[in-house]
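Asker: Predicted structure and sequence below. I'll ask about it afterward.
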Amino acid sequence: SLSGKTVDLSGTEVNAIEVLSGGDVSLAGPLLTLTNSTLEATGKLLEIENGKLTSTSTSPLFTFNPSTITVDDALIALNGGTLTLAGPLLKDTNGTLEGEDEFLRMKNGSTLKSTGTGALVQLSGTTVDFTAALSMKDSTMTLAGPLVTATGVTGSDFGDSSAPIFLIDSKSTLSSTSSD
């Protein structure tokens, strides 16, 4: 948990948090909570590459209130990775989230499962700027709640002329048991 801090991760493609091949991380609480803070990374906020990350907490994995997150790649990327959550992936209130690529990228057999009934991504008063919201290639996402709730979101530059806002290819599956 950071409050009133600035974190600058410079260099070539530096990720804020990585779970790499063979890594198996289990958490009983949030991974990162930022309050009135700034985080800048030349890579991603979170990358799971052939590793596993599990949170048994019903709290969001990431909570930002209000904070600014700037990345030079996708915000969250899974490449052959597994992410299992009992609560939301991300909750932002009155912050800024911006990156050069997707908000969430999944590829090469990645799996994301959330058993929480709240939305996977919860945005309120957030300024957002990414080329796409979601890209899934040969991946599976299973949700007990909705994918996104967004209230008062501004600045959305989702979808440049060459990229769809949501890309779910023929080898991918996205399902939710929620009626919301």
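Answerer: Happy to help now that I have it.
Asker: which residues are in contact with the helix-or-strand element of the chain with minimal mean pLDDT?
Answerer: Within the chain, confidence by mean pLDDT, DSSP states H and E is lowest for strand 166-168 among all helices and strands, at a mean of 90. Contacting residues not belonging to strand 166-168 are listed as 132-137, 174 [C-beta atoms under 8 Å, 6 or more residues apart in numbering]. Yep, even glycine has a C-beta here, placed from its N, CA and C like the rest.
Asker: who does it pair up with?
Answerer: strand 132-137 (parallel) (DSSP bridges).
Asker: For the partner strand, the averaged confidence score.
Answerer: Across strand 132-137, the average pLDDT comes to 94.
Asker: gap between that strand and the chain center?
Answerer: Remark: strand 132-137 is offset 11 Å from the chain centroid, using C-alpha atoms, centre = their mean, to the nearest Å.
Asker: swap in stretch 28-41?
Answerer: Going by C-alpha atoms, centre = their mean, the spacing between the C-alpha centre of stretch 28-41 and its chain's C-alpha centre is 12 Å.
Asker: Please apply the same query to stretch 144-158.
Answerer: Worked out by C-alpha atoms, centre = their mean, stretch 144-158 lies 12 Å from the chain centre.
Asker: mind listing what's buried in it?
Answerer: Judged by neighbour count using 16 or more other C-beta atoms under 10 Å, the buried positions of stretch 144-158 are 144-149, 153, 158.
Asker: For the least confident helix or strand of the chain, buried residues please.
Answerer: Using 16+ other C-beta under 10 Å as the test for burial, strand 166-168 gives 167-168.
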